[in-house]
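S.K.: Fold the following for me, if possible:
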Amino acid sequence: MRSAILVILVALLLPSALAKAHEGTPVEAATAFLDSLSAEQRQSTFHAFDDRQRFAFRWTPGRRPGVDLAALSPDSLAALRHLLTTVLSDRGALTVDAILATEAALGVIEGRPAYRDPELYYTMIFGEPGAEHWGLRFEGHHLSINITFSGQNAISGTPLFLGTNPETIPSGPDQGLRAMAPQVDLAWALYDALDTQQQAAARDKGEGFGGFLTRAGSLSAPDSPPVGIAWSELSEAQQELLLKLAVSYIDTLDQRLSQPALAALIAEETPALHFFWEGAETKGGAYYYRIAGPRLFIEHDAFSGGTHIHAIWRDRADDWGGVE
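M.R.: Numbering: from 1, shown residues only. Here you go, the predicted model:
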C-alpha cells in the first residue's frame, strides 16, 4: 500500500480541499479524469453507456472492471478526488473516506491487509461525459456509488450502497471512527422514541421478513409490501427523526442530486412512508430497519451484533435515471 495514496485520500477530510473540489461540473471533472489516464487505463475505465456492466453493482470485496486506486498516478488520484466531490456532498465525501479507512482497519484486525485493501476501489465511466446519457460508478467493498447524467445534469444517484465493518474502529490511529454514525444513531433514536404500541407496529412483518432484500446487480428495488409503522401513526417529533434518518442517506450526494430527491420525499412520499424494525431492542445486538414509500426504498442490515452494516438507498421508479 503506498503511503502517498493514503495521504491523498486523507485530503478528503480537509474542508478547504472539499470546498474547492465542488467548483466546476461533473462533465468537466469526468473529462479531466479520463484525460489524466494512460491509454490502457482509459480503455479499462471507459465503457459504452449501454454496457450491461453499468447495472452490475455489488458491495463484496475483490477486483472489478475499471481502474483501481492503486493504479492511479498522483495526478489521476487528484482528478478522481475532484470528480467524486462534484457528485458528493462534503459529508458524503467524508463518509466515503471513512469507509475506505475502515476497510484498512479491518485488514489489520483480520490480519489480511491484501484482501481488505483500501486501494481496491474502482472507477468506471459509461458513455461520453456530457452526452445525452452517461454514468459514473465508484465501487469497492461496502461502497457502490452510481450516478446517471443527462448532459450536464445528474438525473439519478441510485442505487447507493454504503456499508462498514466494524461499525466503530476499535483501535489504531482511527480509533473511534464511525463511517455510518448518522444512519445508526438516528435509527436508534427513532426506535427508542416509539412507545410500546408503536414499537409493536414497527415490528409488524406483514407478509414476512426476508432479511436484506436487495440483491447485487438487481435492476430495481425489491417489490416488497409496506410493513411496519405508518407515517400517520408517528408524532411530529418522531416524523422529524424519520425524515432525518432518510436524509442521512440522500444527502450523501451533492445538492444538485439530493435537493430534487429531498423535495420529492417531503412533498410526495412522507404521507405513505413506513418504518420497519426487526431485531435487537437495545444497542449491542443485530438489527434491521427499512424506510419505504411509493418510490423511496432504504434498508439497513446490522448483523454480527450490529457491528457489520449493509445499507442501500434505491428509487423504485428511477434507479439509473430509468434509462437502460
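S.K.: What lies in contact with stretch 61-78?
M.R.: Outside stretch 61-78, the residues that touch it by Cβ atoms under 8 Å, 6 or more residues apart in numbering are 1-2, 4-5, 8-9, 33, 36-37, 41, 44-45, 47, 53, 58, 80, 115-124, 137, 139-141. Bear in mind the C-beta positions are built from the backbone N, C-alpha and C, glycine included.
S.K.: What residues of the top helix by length along the chain count as buried?
M.R.: As assigned by DSSP state H, the longest helix anywhere in the chain is helix 90-110. Under the neighbour-count criterion of 16 or more other Cβ atoms under 10 Å, helix 90-110 has 90, 92-107, 109 buried.
S.K.: Equivalent analysis for stretch 108-124, please.
M.R.: By neighbour count on 16+ other Cβ under 10 Å, the buried set for stretch 108-124 is 109, 116-124.
S.K.: Could you pull out the strands in the stretch 151-300 of the chain for me?
M.R.: 153-156, 160-164, 229-230, 274-279, 287-292, 296-303 (DSSP state E, counting those that start in this stretch).
S.K.: Please apply the same query to the stretch 1-150 of the chain.
M.R.: All strands of the stretch 1-150 of the chain, identified by DSSP E, counting those that start in this stretch, fall at 46-47, 67-68, 122-126, 134-140, 143-150.
S.K.: Turn the ones you listed into a markdown table, columns for mean pLDDT and distance to Ala286.
M.R.: Below are the strands of the stretch 1-150 of the chain laid out as a markdown table (pLDDT from 0 to 100; distance: least, Cβ to Cβ, whole Å):
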| stretch | mean pLDDT | distance to Ala286 |
| --- | --- | --- |
| strand 46-47 | 98 | 38 |
| strand 67-68 | 97 | 32 |
| strand 122-126 | 98 | 30 |
| strand 134-140 | 97 | 24 |
| strand 143-150 | 96 | 22 |
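S.K.: Which one, of those, ends up nearest to Tyr249?
M.R.: Minimum separation from Tyr249 across these (Cβ to Cβ) falls at strand 143-150, 12.1 Å.
S.K.: partners of that closest one in the sheet?
M.R.: Paired with strand 143-150 in the same sheet, following DSSP bridges, are strand 134-140 (antiparallel), strand 153-156 (antiparallel), strand 160-164 (antiparallel).
S.K.: Same list as before, the ones you listed that is, but in a markdown table and with distance to Arg316 included.
M.R.: Formatted as a markdown table, those follow (distance: least, Cβ to Cβ, whole Å):
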| stretch | distance to Arg316 |
| --- | --- |
| strand 134-140 | 19 |
| strand 153-156 | 12 |
| strand 160-164 | 14 |
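S.K.: Of the strands of the stretch 151-300 of the chain, flag the one that's most buried.
M.R.: strand 160-164 (a mean of 25; mean count of other Cβ atoms under 10 Å).
S.K.: Roughly how far does the nearest residue to Ala280 once chain neighbours are set aside sit from Glu299?
M.R.: Closest residue to Ala280 apart from its sequence neighbours, by Cβ to Cβ, 6 or more residues apart in numbering: Tyr287 at 4.6 Å. Going from Tyr287 to Glu299 by Cβ to Cβ, to the nearest Å gives 12 Å.
S.K.: I'd like to know how far Gly151 sits from Gly157.
M.R.: Distance of Gly151 to Gly157, given as Cβ to Cβ: 16 Å.
S.K.: more neighbours, those two?
M.R.: Neighbours were counted for Gly151 and for Gly157 using other Cβ atoms under 10 Å; Gly157 has more, 29 against 13.
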